[in-house]
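S.K.: pasting a predicted model and its sequence here:
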Amino acid sequence: MDAGDGVRAGGGSLHMSGGSASGSLHMSGGSASGGSAARTEATRPHDWDADAYADLPLPHADWGERALGRLGLQGGETVLELGCGPGRDTARLLQRLPTGRVIALDGSAAMLGRARRRCAGDPRVSWVHADLRSPLPLAPDSVDAVFSVATLHWVPDHARLFAEMVRALRPGGRLSLEYGGAGNVATVVTALRALGREPAEWVFASPAGEKPALLAAGFTDVECRLRHVAVPMDADVLVRYLAGVVLVAQLEGASEAERADLAPAVAERMARRVVDYVRLEVTAGRAL
Ligand SMILES: C[S@@+](CC[C@H](N)C(=O)[O-])C[C@H]1O[C@@H](n2cnc3c(N)ncnc32)[C@H](O)[C@@H]1O
């Protein structure tokens, strides 16, 4: 099953199987259901082992809770979630939106499939399979809030994505983002380089770069801060964690031998069994 089933391009609109969003979302150059002309095999986002990811003890759960708290939802909003992954925060958003709805977007069919199962056919969600490096497949002024956890560091051009967020948000709409910031997972990067490998195409941005970019895109009340989060792990969890979360890009397309060897080799090279996260937390509003 394609995880984007039920959300498809049709006459310029997206339709969802649950019905509530039918006809209310409008395509603008992108596509849902994995069929975008802009999403070629060569450039598609990485796919993830959604089950392995969701089974890990993820500090992302706490990061998501913090980002949700900063959004200040009233309960009736339409929230666009960018990089919904296996749907942990999609489910939390739904709990906080008794009369609202969620548009949950991800570039991984496996992640979307897991998220759909988690939300068990809730008609208040529209699932969108799309690449954040392409224009957002949403009409202007169509959402009240944008929310994202642990995703933007996978997207190279933040200025362009911020402009897309402004376009999708209604005037006065809010955003709450969190993602890897300057210095994120530095010990993993050092270990990779010691093994002769370059880190993935991550963009670990700093407030000094992101704040002007958000203001230039049209946001106001911009707050950006870095937060250091050291996550100690048992040896076996660290290896599973590296393989299933941090080294996803390095392992894509790798041979079976490489897949088996890389995460233990990186773990071995790390001075301590601690993942040294640096998170960038961002809140802002679209000017009225
Ligand atoms: C580390 S996971 C975070 C998932 C979830 N938000 C969480 O906190 O657990 C990153 C997510 O971003 C998605 N992603 C990465 N690059 C993307 C892109 N270019 N377009 C769409 N989704 C992307 C991945 O598929 C993945 O689900």
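M.R.: Received it, and whenever you're ready, just let me know what you need. What you are looking at is a predicted structure, and each value in this text was computed from that prediction instead of being measured.

S.K.: going forward, measure contacts between C-alpha atoms and count neighbours the same way
M.R.: OK.

S.K.: so which residue is dead centre in the chain?
M.R.: By Cα atoms, centre = their mean, the chain has its centre lying nearest to residue 83, at 2.5 Å.

S.K.: quick check: that residue touching residue 106?
M.R.: Yes. Between residue 83 and residue 106 there is a contact at 4.5 Å, judged by Cα atoms under 8 Å.

S.K.: against the ligand, how distant is the residue nearest to the centre of the chain?
M.R.: Distance, residue 83 to the ligand, by Cα to the nearest ligand atom, to the nearest Å: 4 Å.

S.K.: can you pull out the helices in this structure?
M.R.: 50-54, 60-71, 88-96, 109-118, 158-168, 186-194, 207-217, 235-241, 248-251, 256-269 (DSSP state H).

S.K.: by mean pLDDT, show me the worst of those helices.
M.R.: For these, the bottom mean pLDDT is recorded on helix 248-251, which sits at a mean of 88.

S.K.: any chance you could list what contacts that one?
M.R.: Outside helix 248-251, the residues that touch it by Cα atoms under 8 Å, 6 or more residues apart in numbering are 46, 48, 199-200, 242-243, 258-259, 262.

S.K.: do stretch 169-184 as well
M.R.: Contacts of stretch 169-184 (Cα under 8 Å, 6+ apart): 63-64, 67-68, 70-71, 140-153, 203-206, 226, 276-288.

S.K.: and it, how far out from the chain middle?
M.R.: Counting by Cα atoms, centre = their mean, to the nearest Å, stretch 169-184 is centred 11 Å from the centre of its parent chain.

S.K.: buried set for that stretch?
M.R.: Within stretch 169-184, the residues scored as buried using 16 or more other Cα atoms under 10 Å are 169-171, 173-184.

S.K.: repeat for stretch 259-267
M.R.: Applying 16+ other Cα under 10 Å to stretch 259-267 flags 259, 262-264, 266-267 as buried.

S.K.: can you pull the contacts of the residue nearest to the centre of the chain?
M.R.: Shown in contact with residue 83 (Cα under 8 Å, 6+ apart): 104-107, 148-151.

S.K.: state the distance from it to residue 103.
M.R.: Here the criterion is Cα to Cα, to the nearest Å. By it, residue 83 lies 11 Å from residue 103.

S.K.: for residue 206, same thing?
M.R.: Relative to residue 103, residue 206 is positioned 28 Å away (Cα to Cα).

S.K.: quick one: stretch 185-198 near the ligand?
M.R.: No. Applying Cα under 6 Å from any ligand atom, one finds stretch 185-198 out of contact with the ligand, separated by at least 12.9 Å.

S.K.: got a list of contacts for that stretch?
M.R.: Stretch 185-198 is contacted from outside by 199, 266-267, 269-271, 275-278, using Cα under 8 Å, 6+ apart.

S.K.: pull out the buried residues from it.
M.R.: Going by neighbour count (16+ other Cα under 10 Å), the buried part of stretch 185-198 is 185, 187-192.

S.K.: pretty sure residue 283 sits against residue 223.
M.R.: Yes. If you go by Cα under 8 Å, residue 283 and residue 223 touch, sitting 5.3 Å apart.

S.K.: give the residue from these two that has the larger number of neighbours.
M.R.: Neighbours were counted for residue 283 and for residue 223 using other Cα atoms under 10 Å; residue 283 has more, 22 against 15.

S.K.: what sits against residue 203?
M.R.: 152-156, 180-181.

S.K.: likewise for residue 154?
M.R.: Going by Cα under 8 Å, 6+ apart, residue 154 touches 201-203.
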